[in-house]
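Participant: structure for the following, please:
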Amino acid sequence: MVRSAVSAVESFYDAYRRRLHLWAALVGLTMIAILLQGALQDAGWLVISGETLATGALLAVFVAALACEYLDSSLGMGYGTTLTPLLLLAGFEPLQIVPAVLFSELLTGLAAGAMHHRDGNIDLLRNREARRTFALLAALSAVGAIGAVLIAIKISAYWFSILIAGIVLAMGVVTILTARRQIRYRAGGILAIGMVAAFNKGLSGGGYGPLVTSGQVVSGVPAKHAVAITSLAESFTCAVGLGAYLVLKGGIDWSLTLPLATGALLSVPIATATVRHLPETVLRRAVGVLTLVLGFVLMAKLLG
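Facilitator: Just a heads-up that it's a prediction; the model follows:
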């Protein structure tokens, strides 16, 4: 098992040697720039107007965004679900976190969609089924992000979240059980999952990826297509949510947003290459397992 894992890593490195070297150089230079900025500020040689994060916090936010977005762009889920609790534990306020996460997900969703297309994980220009799925999810996402605000005042967010957690767990189980099966595409399934996920995103700010990615797989969409389509569709949801936030609050904390967006964007080229390299069955199982884990975490958080 260890030998096969080492062989897979070596094969991945051989296939994407130039991309990996460029990626490592960019990540390294960004981390050096963060450290230099902190040193120059401490020495009084660099003055930046407005509030800025300490060097350690800035570096930690960058690395966390890099790791969480790699997970999200390679498996279609996990960025907001994992990153938001980490930032809350680190002491950031929700009104700082939400628009920063939405902005970074907007950029990375578009970038991931473009890279998935370039790496051959999906072809939105020629694949009519993929375009149809994306159009359905994008439309529902926009409606859900706005409609959820109206529904939130009538439905208990707690019980709605419990329902979502149950659906996520069910999707994880079904995805794992059907990993080796060929499933016929069902547009009705896409509509149902997209509507629920869109409202969930509008109400809680998270949980979109697990539902949409696993829901597409269960509805007959190939796993690689599902991951790519989720990234693009979620970017539209984030755009609507961010627009609503800016209209209501009128500002965004760039000291948190910039390291988040930078770290997230730098993860995309490696994540989309990972999707291309993984076999379909392995990817479907990974989506199912991660969906189950996120569902359990969400349920434990709600009931704990």
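Participant: and A226, its phi and psi?
Facilitator: phi -60, psi -40 (degrees, to the nearest 10).
Participant: which non-adjacent residue is nearest it?
Facilitator: Leaving aside its chain neighbours, A226 sits nearest to Q216 (3.8 Å; criterion: C-beta to C-beta, 6 or more residues apart in numbering). C-beta coordinates here come from the backbone N, C-alpha and C atoms, glycine included.
Participant: give me the element that neighbour is part of.
Facilitator: Using DSSP states H and E, Q216 sits within helix 208-218.
Participant: low-confidence ranges, the stretch 1-150 of the chain, go.
Facilitator: 1-2, 4-5, 43-51, 78, 81, 141-142, 144-150 (pLDDT under 70).
Participant: ok, now with 90
Facilitator: Applying pLDDT under 90 to the stretch 1-150 of the chain picks out residues 1-16, 33-58, 67-102, 105-106, 109, 112-150.
Participant: which stretches of it form helices?
Facilitator: 2-15, 17-42, 55-75, 79-89, 94-118, 128-152 (DSSP state H, counting those that start in this stretch).
Participant: quick check: buried residues in the fourth one?
Facilitator: Residues of helix 79-89 classed as buried by neighbour count (16 or more other C-beta atoms under 10 Å): 79-84, 86-87.
Participant: who's in contact with that helix?
Facilitator: Helix 79-89 is touched from outside by 61, 64-65, 68-69, 71-72, 94, 96-98, 101, 105, 108, 205-210, 256, 260, 264, 294, 297-298, with contacts defined as C-beta atoms under 8 Å, 6 or more residues apart in numbering.
Participant: and if you look at stretch 117-136?
Facilitator: Identification of contacts with stretch 117-136 by C-beta under 8 Å, 6+ apart yields 113, 116, 185, 187, 190-191, 194, 216, 221, 224-225, 227-229, 232-233, 272-273, 275-276.
Participant: buried members of those into PyMOL, please.
Facilitator: In PyMOL, a selection of the buried entries from the contacts of stretch 117-136 looks like this (16+ other C-beta under 10 Å):
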select buried, resi 113+116+190+194+216+221+224+225+227+228+229+232+233+272+273+275+276
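Participant: which of the contacts of stretch 117-136 fall within helices?
Facilitator: In this view, these that belong to helices under DSSP state H are 113, 116, 187, 190-191, 194, 216, 224-225, 227-229, 232-233, 272-273, 275-276.
Participant: which pLDDT value does the model give the residue nearest to A226?
Facilitator: Looking at Q216, its pLDDT reads 81.
Participant: check contacts around it.
Facilitator: 133, 190, 193, 225-226, 229-230.
Participant: out of those, which comes closest to W159?
Facilitator: Nearest to W159 among the contacts of Q216: I193, at 19.5 Å, using C-beta to C-beta.
Participant: so the closest residue in space to that closest one that isn't next to it in sequence versus G188, what's the distance?
Facilitator: Closest residue to I193 apart from its sequence neighbours, by C-beta to C-beta, 6+ apart: G215 at 3.0 Å. G215 is 11 Å from G188, where distance means C-beta to C-beta, to the nearest Å.
Participant: who's more crowded, these two?
Facilitator: Ranked by neighbour count (other C-beta atoms under 10 Å), G215 and G188 place G215 first, with 26 against 8.
Participant: looking at it, the more buried one is touching A198, isn't it?
Facilitator: No: G215 lies out of contact with A198 (C-beta atoms under 8 Å); the separation is 11.5 Å.
Participant: L110 and L26: what is the separation?
Facilitator: L110 is 19 Å from L26, by C-beta to C-beta.
Participant: more neighbours: which of these two?
Facilitator: Neighbour totals were compared for L110 and L26, and L110 leads with 18 against 14 (other C-beta under 10 Å).
Participant: surely that one meets S235?
Facilitator: Yes: at 5.0 Å, L110 and S235 qualify as touching, with contact defined as C-beta under 8 Å.
Participant: buried residues of the host helix or strand of L248, list them for me.
Facilitator: Element membership of L248, judged by DSSP H and E, is helix 223-249. By neighbour count with 16+ other C-beta under 10 Å, helix 223-249 contains the buried residues 223-242, 244-245.
Participant: can you redo the buried residues of helix 79-89 as JSON lines with distance to V282?
Facilitator: Compiled in JSON lines, the buried residues of helix 79-89 are given as follows (distance: C-beta to C-beta, whole Å):
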{"residue": "Y79", "distance to V282": "21"}
{"residue": "G80", "distance to V282": "25"}
{"residue": "T81", "distance to V282": "22"}
{"residue": "T82", "distance to V282": "21"}
{"residue": "L83", "distance to V282": "25"}
{"residue": "T84", "distance to V282": "28"}
{"residue": "L86", "distance to V282": "27"}
{"residue": "L87", "distance to V282": "31"}
